[in-house]
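1. Build me a structure from this.
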Amino acid sequence: MIGDTVVVDAVVHPYNLSSENRNPDAAEQLESVYAAHLLATGDARELRDYRLDRDEFFSDFPFEAIAGSLFVESPVDLAVIHALPNLGFARDYVTDPRRAAAFRSRHPDRFLLYATVDTPVTDAAIAQLEWQVSEFGVDGLKLYPAFFYGGTGEGWRLDGADFATPLLEAARDLGIRNVAVHKALWLPPAPRSAFGIDDLSAPLERFPELNFHVVHAGAAFLEHTAALLGRHRNLYATLESVFAYAVVRPRVFAKILGTLLQACGAGQLMYGSGSNLSHPAPLLAAFRDYRFPRETLDEYGFRQITARDRELILGGTALRVHGLDAAEVVRRTAGDAFARARSRDGGAPPWGYLRAGRATRARG
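-> Sure thing, here's the model as predicted:
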């Protein structure tokens, strides 16, 4: 918690970038993903320990290290694991839903889980979703607007009649209410157009019972995103990657956050770190007492952010869309192993679980 505010990290996803799972023909993509981590972390001296070196990043990143980064090294109470398909730079899932479900089951009071699909074949994708719902129980669905096979990327649209609409109908009928879609940040070799947001309006209207989360909202298409948020109350902005700007690009962060806040209010905005792409601690430290700089208010005519806005962005909105009660989250997590470790150690060094294990292996 930060003060009395329950903190929910709306996007975490330990990457499996081990040598066994890396696609050897996707070196350029892999380097761009690592570059994104470096950019999100920054090069300030005080942030040095939050930066993963190449061996740490290009690994089968432990779920335990993600949990430590959230609940021991940072004041996070609950997090949403997003399962990820292969994304072109892996041979198999980047974040395997089976492994994610197993870890969630070990810590059910600390994690929610979003399913994913990794095939453009409609019936097969629906079958994958049905299996994950029945086998694991999931709290949402994470989608990428492209599939990657044989060194190419094939984009698809969320308003498409042949794939997206039947998949969303199946998700709705299976009881899923939250659908997160990666947008704004382009993942080549898929076409850039697949990551636009011009395909959102129709499904937002067709499926009013679904909450759609635009992941990386505002990183591109800011004005269009703001307009959509203002028109559709079942659209939410998940600020993964954008939240890193609070640390490394504060003027850009202020413009994005102010624009979205002005368009829809804090009740449609959600914090996300994307751990292990960013470590949560510096992001939350930058936002805990955040206020727009005076020059930002003067330049754009924004109103000043309030404590209530910060409370909603940090966790209140995510709790509401998942039907959770803040007091119950606090009750269930108080005194667990993570809470005890945080209380005993006063937090821990960045990526402590990962680096402790690495040091032990080096000694052995």
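2. which stretches of the stretch 51-200 of the chain form helices?
-> 54-57, 63-71, 97-106, 122-136, 164-173 (DSSP state H, counting those that start in this stretch).
3. could you dump the first one to PDB, C-alpha only?
-> Coordinates of each C-alpha in helix 54-57 appear next as PDB, following Å, rounded to 0.1, in the frame of the first residue of the first chain:
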ATOM      1  CA  ARG A  54      22.000  -8.900 -20.500                       C
ATOM      2  CA  ASP A  55      22.300 -12.300 -18.800                       C
ATOM      3  CA  GLU A  56      19.600 -11.400 -16.300                       C
ATOM      4  CA  PHE A  57      17.200 -10.100 -19.000                       C
END
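4. Buried residues of that helix, list them for me.
-> If you call a residue buried by 16 or more other Cβ atoms under 10 Å, then helix 54-57 has these buried ones: 56-57. C-beta: built from backbone N, CA, C; applies to glycine.
5. Ok, the third one next?
-> Buried residues in helix 97-106, defined by neighbour count with 16+ other Cβ under 10 Å: 97, 99-101, 103-104.
6. Show me what that helix is packed against.
-> helix 63-71, strand 78-82, strand 111-116, helix 122-136 (3 or more Cβ pairs under 8 Å, 6 or more residues apart in numbering; DSSP states H and E).
7. now the third one and helix 164-173, what's the angle there?
-> Computed with axes from the mean of the first three to the mean of the last three Cα atoms, to 10 degrees, the direction of strand 111-116 lies at 150 degrees from that of helix 164-173.
8. who's in contact with residue 57?
-> 15, 17, 34, 37, 276 (Cβ atoms under 8 Å, 6 or more residues apart in numbering).
9. on that earlier part again, comparing the helices of the stretch 51-200 of the chain, which comes out most buried?
-> Greatest average neighbour count among those goes to helix 63-71 (a mean of 24), per mean count of other Cβ atoms under 10 Å.
10. Can I get that one in PDB, CA atoms only?
-> The C-alpha coordinates for helix 63-71 follow below in PDB (Å, rounded to 0.1, in the frame of the first residue of the first chain):
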ATOM      1  CA  PHE A  63       8.000 -15.700 -11.400                       C
ATOM      2  CA  GLU A  64       9.500 -15.500  -7.800                       C
ATOM      3  CA  ALA A  65      11.600 -12.500  -8.900                       C
ATOM      4  CA  ILE A  66       8.500 -10.800 -10.300                       C
ATOM      5  CA  ALA A  67       6.700 -11.400  -7.000                       C
ATOM      6  CA  GLY A  68       9.600 -10.000  -5.100                       C
ATOM      7  CA  SER A  69       9.800  -6.900  -7.300                       C
ATOM      8  CA  LEU A  70       6.200  -6.200  -6.600                       C
ATOM      9  CA  PHE A  71       5.400  -7.200  -3.000                       C
END
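11. Is it possible to get CSV of the helices of the stretch 51-200 of the chain that adds mean pLDDT and distance to residue 145?
-> Putting these into CSV (pLDDT from 0 to 100; distance: least, Cβ to Cβ, whole Å) gives the following:
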stretch, mean pLDDT, distance to residue 145
helix 54-57, 96, 25
helix 63-71, 97, 25
helix 97-106, 98, 19
helix 122-136, 98, 13
helix 164-173, 98, 9
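12. Residue 322: which of those helices is closest?
-> For the helices of the stretch 51-200 of the chain, the distance to residue 322 is smallest for helix 97-106, at 13.5 Å, taking Cβ to Cβ.
13. and the angle for the closest one with strand 78-82?
-> Going by the same axes, to 10 degrees, helix 97-106 makes 160 degrees with strand 78-82.
14. neighbouring contacts of helix 97-106?
-> Contacts for helix 97-106 (Cβ under 8 Å, 6+ apart): 63, 67, 81, 83, 111-113, 115-116, 132, 135-136, 138.
15. Next one: the nearest residue to residue 352 once chain neighbours are set aside from residue 53, what distance?
-> Excluding its sequence neighbours, the residue lying closest to residue 352 (Cβ to Cβ, 6 or more residues apart in numbering) is residue 68, at 5.7 Å. Here the criterion is Cβ to Cβ, to the nearest Å. By it, residue 68 lies 17 Å from residue 53.
16. What of residue 19?
-> Distance from residue 19 to residue 53, by Cβ to Cβ: 16 Å.
17. closest to residue 270 out of the helices and strands packed on helix 97-106?
-> strand 78-82 (9.2 Å).
18. Contacts for that closest one, please.
-> 6-13, 66, 70, 95, 100, 103-104, 109-114, 116, 139-140, 142, 180, 215, 272, 275, 315, 318-319, 324, 329, 333.
19. Can I have the buried ones of those as a ChimeraX selection?
-> The buried residues among the contacts of strand 78-82 can be selected in ChimeraX (16+ other Cβ under 10 Å) with this line:
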select :6,7,8,9,10,11,12,13,66,70,95,100,103,104,110,111,112,113,114,116,139,140,142,180,215,272,275,315,318,319,324,329,333
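20. ranges for the strands of the chain?
-> Under the criterion DSSP state E, the chain contains strands at 8-12, 78-82, 111-116, 140-143, 146-149, 152-155, 178-182, 211-215, 235-238, 269-270.
21. Now render those as a markdown table, adding mean pLDDT and distance to residue 227.
-> Shown next, in a markdown table, are the strands of the chain (pLDDT from 0 to 100; distance: least, Cβ to Cβ, whole Å):
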| stretch | mean pLDDT | distance to residue 227 |
| --- | --- | --- |
| strand 8-12 | 98 | 22 |
| strand 78-82 | 98 | 26 |
| strand 111-116 | 98 | 26 |
| strand 140-143 | 98 | 22 |
| strand 146-149 | 90 | 24 |
| strand 152-155 | 90 | 23 |
| strand 178-182 | 98 | 17 |
| strand 211-215 | 98 | 12 |
| strand 235-238 | 98 | 10 |
| strand 269-270 | 98 | 15 |
